[in-house]
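# no sequence on hand, only this structure:
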């Protein structure tokens, strides 16, 4: 196996694929990049069994072959080299790898290509297309609500619900919920996909700023195709909760408040709140929101008052300040609206201005 490639031209796809490399893998070959050379086309892949990333570049090839090359060693070598052509000569029998640069020669030993997991590609899976920015926003606005509870497998990921006329990202940990819909995406199929938090963070790190992404999906795997990159991931095989069933629909009490002012107040008040519960109490009346935090163990107490617009009866709500800060930070509008049914039902948090073609709703459980 022989080819020549520019050091910087080769480094970029390696860095993309390296997102799927594993530091302490169950199989040693998972520390490697799989190189597959056919003519002048070099395919590069990395996998941790949950996520696989494959891409390809054009090189100057003279002898086809396949080899698994130690990932960390190759990456660190290329990062330290200035831009220049590199010559690779690989004996696929002994797995000896020789890299020649303008000033030196580097030798290492690879693994058998046959030991590397199979690189799957979509075949007859269903498909939809989304803008890269939509996927990034969907991940950003839901990732914080994913549960870390290993006993609740169905909540340990981001749900992508594909309907015939819209796509919805959702996540919940039973204390907070985010539902974020794109209303202008048409699909010939309806499906519900559940992605791990780890896979979505990996995907987000390599998505382009803009452009179309093809999403192929079956029952156990999904593929994202963009810019000559194929990102594949296993799905969580569990049924995501019916989140629409827990969203209160009759909410006569509505409060509008400046988002930045509320975030600033909550950051100060959490200092005085109980460190275990992070509870603050909202006392909402006409044009006035009073927030109180207490930690009885240390005799700490703090109160702040904000102006607001309010329709409804005076009400007290116990809320988790840490959850509120996470949710408010994921909203972009200048003000937010709290819709409240009663002190015993979850409160809804909505932006005052929805982006065209989008619908964002957040829910937080009350505990007063």
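Thanks, I have it. Worth saying up front: this structure is predicted, and the values here are computed from it rather than measured.
# quick check: mean pLDDT across stretch 81-94?
Over the span of stretch 81-94, the pLDDT mean works out to 96.
# name the residues that touch that stretch?
For stretch 81-94, the external contacting residues (Cβ atoms under 8 Å, 6 or more residues apart in numbering) are 1-8, 10, 35, 65-67, 78, 96-102, 109-110, 113. No exception for glycine: its C-beta is placed from N, CA and C like everyone else's.
# pull out the buried residues from those.
Buried members of the contacts of stretch 81-94, counted by 16 or more other Cβ atoms under 10 Å: 1, 3, 5, 7, 10, 35, 65-67, 78, 97, 99, 101, 110, 113.
# just those residues now: which is nearest residue 258?
Nearest to residue 258 out of these is residue 78 (Cβ to Cβ; 49.4 Å).
# contact partners for that closest one?
Counting by Cβ under 8 Å, 6+ apart, the residues that residue 78 touches are 7, 10-11, 14, 86.
# if you set the cut-off to 10 Å instead, what comes out?
Residues in contact with residue 78 (Cβ atoms under 10 Å, 6 or more residues apart in numbering) are 5, 7-8, 10-12, 14-15, 86, 99, 101.
# out of the residues you listed, which are inside strands?
5, 86, 99 (DSSP state E).
# residue 192: which of those is nearest?
Nearest to residue 192 among the ones in strands among the contacts of residue 78, with distances taken as Cβ to Cβ, is residue 5, at 42.1 Å.
# spatially nearest residue to that closest one, not counting backbone neighbours?
In space, residue 5 comes closest to residue 59 once its chain neighbours are excluded; the distance is 4.1 Å by Cβ to Cβ, 6 or more residues apart in numbering.
# nearest to residue 45, of the contacts of residue 78?
residue 14 (10.7 Å).
# and the closest residue to that closest one other than its chain neighbours, how many residues sit next to it?
In space, and not counting its chain neighbours, residue 14 is closest to residue 75: 5.8 Å by Cβ to Cβ, 6+ apart. Residue 75 has 18 neighbours, counted by other Cβ atoms under 10 Å.
# for residue 75, what are phi and psi?
phi -60, psi -50 (degrees, to the nearest 10).
# please narrow the contacts of stretch 81-94 to those residing in helices.
Counting by DSSP state H, the contacts of stretch 81-94 place 7-8, 10, 78 in helices.
# show me where the stretch 51-200 of the chain has its helices.
With helices called from DSSP state H, counting those that start in this stretch, the stretch 51-200 of the chain shows them at 71-80, 132-140, 197-206.
# can you give me the mean pLDDT across stretch 175-182?
Stretch 175-182 comes out at a mean pLDDT of 97.
# in that stretch, what's buried?
For stretch 175-182, the neighbour count (16+ other Cβ under 10 Å) marks 176-182 as buried.
# how is the protein carved up into domains?
What automatic domain parsing lists as the domains of the chain is 2-115, 126-245, 247-364.
# hang on, the earlier thing: nearest to residue 228, of the helices of the stretch 51-200 of the chain?
Closest to residue 228 of the helices of the stretch 51-200 of the chain, according to Cβ to Cβ: helix 197-206, at 11.9 Å.
# any idea how many residues pack against residue 236?
Counted with other Cβ under 10 Å, residue 236 comes out at 21.
# any chance of the buried residues of stretch 175-182 in a markdown table with distance to residue 197 as columns?
Shown next, in a markdown table, are the buried residues of stretch 175-182 (distance: Cβ to Cβ, whole Å):
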| residue | distance to residue 197 |
| --- | --- |
| 176 | 15 |
| 177 | 16 |
| 178 | 13 |
| 179 | 17 |
| 180 | 16 |
| 181 | 20 |
| 182 | 20 |
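# from the residues you listed, which two are the most distant?
So, those by Cβ to Cβ: farthest apart are 176 and 182, at 20.9 Å.
# now the closest residue to residue 358 other than its chain neighbours: how far from residue 166?
Leaving aside its sequence neighbours, residue 358 sits nearest to residue 182 (Cβ to Cβ, 6+ apart; 6.0 Å). With distances taken as Cβ to Cβ, to the nearest Å, residue 182 is found 6 Å from residue 166.
# related to what we said a few turns ago, which of the buried residues of stretch 175-182 lies closest to residue 130?
Nearest to residue 130 among the buried residues of stretch 175-182, with distances taken as Cβ to Cβ, is residue 182, at 7.5 Å.
# for the residue at the greatest distance from the centre of the chain, what are phi and psi?
No residue in the chain has its C-alpha farther from the mean C-alpha position than residue 103, which lies at 41.4 Å (Cα atoms, centre = their mean). Torsion angles at residue 103 (phi, psi; degrees, to the nearest 10) stand at phi -120, psi 0.
# give the contact list for it.
Residue 103 sits in contact with 81-82, 84, where contact means Cβ under 10 Å, 6+ apart.
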